[in-house]
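>>> Any chance you could fold what I've pasted below:
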Amino acid sequence: MVWFEWQVATRFLREGKTQTLLIASGIALGVAVIVFISALVTGLQGTIIKRTLGTQAHIVITAPDKVLLPSVTDGTVFRELQPRPQIIEPILNWPLLLKQLQQEPTLKAVSPLVSGAAFAIRGQADKTVSILGIDPVAYTKIIPLEENLKAGQLRLNNDEAVIGRRLADDLGIRVGDRMNIVTSSNRSLAVRITGIFELGVKDLDKRWVFLSLRSAQNLLDLNGQITGIDLQVKSLFDAEIISQRLQNHYGIKAESWMSSNEQLMTALKSQTASTTLIRFFVLISVAFGIASVLAIAVVQEQKEIGILRAMGMSQHSVLAVFLMHGGLLGMFGSLLGALGGMGLGKMFGFFARNAAGEPLFELALTSELILSTTIIATLTGLIAAAMPAYRAAKLDPVQAIRYG
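Got it, this is the predicted structure:
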């Protein structure tokens, strides 16, 4: 019986070729806009997040801030006190904490870190730098430092260092050269440069100096302690929830990339909201287009509907015919629109290029996006067909034949 309804629905489509092509074109245009805008915004967001997190951990763990309690003198409590500047404190019992964090199921990578300020000196030139003592094997799972090397290699034995390209240019350093690092407490270390990196962030490329964990501990007089632990989570947008849970559970200070990049998160949420609104209103316009065409089709085909009903066709069958009619329009238009959206994406990638001739960013034209948009547009066609289909099913056969 379903085959009969299918034949009737396709016949109605063929008889109204002009209407079918017009509404299918309208649906295709709407779906193409949805696919292109969604791929554009998703690709842009992915690129922004990738570039942002390419130079920072998902979560950074440090020792908790010290709380300054109110002073009491002669029974008077001084509540309005200026807090003292927080100095970097080592994390207590960090080997045990590191082991516990490595067993957390929500974390993908854990890397101990030693950080502090110093001066990089070579000849008469000196620059303020940030010392980062790392375990290269663990750290490269957090930040792909090795992929960003412009010269040399990521080797950090004793008295070896890897520095940024801008710092190397400022000090006139090449791989194999030596420089001195001096801290504010007059502790110094002469290092040989084994690698030069470029992360694409000016301040980091001018200030970061990577040492081995032990070398940084000795230079900063930390006696085997660390000042932070960098984490990478499995689910990127769960970082804030995970950081709060870790902070409450372990009694440490945990800051996620989401809290340290609030403006970025606001921009991403605004982009997502605007894209959702665009998709919603485009689908609404598609639904109204399908509903209007089917409403006209009911009027035009009411004589045929009356004859079919007089021959014994049930109301359910008539309902199925027009639901199929709307679903086919949605599916056919969405398939064309998906191809159109992919074509727009290819055109954007061809014309939107930077000065080096490379695409500005990759559009997220995924199979999931194409499939989901096609399914949603087809379902929209079915929903839009509901009222005209119900009206067609309720037609009186005698009245439909007489006035059709």
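>>> longest single strand anywhere in the chain?
strand 107-122 (DSSP state E).
>>> by contact count, what packs against it?
Strand 107-122 sits against helix 94-102, strand 125-134, helix 136-139, helix 165-171, strand 178-182, helix 213-219, strand 228-233, with contacts defined as 3 or more Cβ pairs under 8 Å, 6 or more residues apart in numbering; DSSP states H and E. From N, CA and C alone the C-beta is placed, and that goes for glycine too.
>>> The ones you listed: which one's closest to Leu264?
Ranking the helices and strands packed on strand 107-122 by proximity to Leu264 (Cβ to Cβ) places strand 228-233 first, at 16.7 Å.
>>> Alpha carbons of stretch 212-221, as CSV, please.
The C-alpha atoms that make up stretch 212-221 are tabulated as CSV, following Å, rounded to 0.1, in the frame of the first residue of the first chain:
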residue,chain,number,x,y,z
SER,A,212,65.3,21.2,31.9
LEU,A,213,63.2,20.8,35.1
ARG,A,214,66.4,20.3,37.3
SER,A,215,68.3,23.2,35.7
ALA,A,216,65.3,25.6,36.4
GLN,A,217,64.9,24.3,40.0
ASN,A,218,68.6,24.9,40.7
LEU,A,219,68.6,28.4,39.0
LEU,A,220,65.5,29.5,40.9
ASP,A,221,66.6,27.9,44.1
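>>> on that earlier part again, buried sites along the longest strand of the chain?
Of all the residues in strand 107-122, those buried under the rule 16 or more other Cβ atoms under 10 Å are 107, 109-116, 118, 120-122.
>>> now stretch 270-284
Buried residues in stretch 270-284 (16+ other Cβ under 10 Å): Gln271, Thr275, Arg279, Val282, Leu283.
>>> And stretch 314-326, by the same measure?
Ser317, Val318, Leu319, Ala320, Val321, Phe322, Leu323, Met324, His325, Gly326.
>>> Any regions of the stretch 1-150 of the chain where pLDDT drops low?
1, 12, 16, 66-88 (pLDDT under 70).
>>> try 90
1-56, 63-90, 92-93, 123-126, 144, 146-147 (pLDDT under 90).
>>> thinking again about what came up before, between the buried residues of strand 107-122, which is closest to Gly349?
Ala109 (31.9 Å).
>>> And Gly345, what's its pLDDT?
You'll see Gly345 listed with a pLDDT of 84.
>>> Which is the succeeding secondary structure element to the host helix or strand of it?
Assigned by DSSP states H and E, Gly345 falls within helix 315-351. Scanning forward in sequence from helix 315-351 by DSSP H and E, the next helix or strand is helix 367-384.
>>> Now do that next one: which elements does it pack against?
helix 17-53, helix 262-300, helix 315-351.
>>> Measure how far the second one is from the centre of its chain, please.
Looking back up the chat, that one is helix 262-300. Per Cα atoms, centre = their mean, to the nearest Å, the displacement of helix 262-300 from the mean C-alpha position of its chain is 22 Å.
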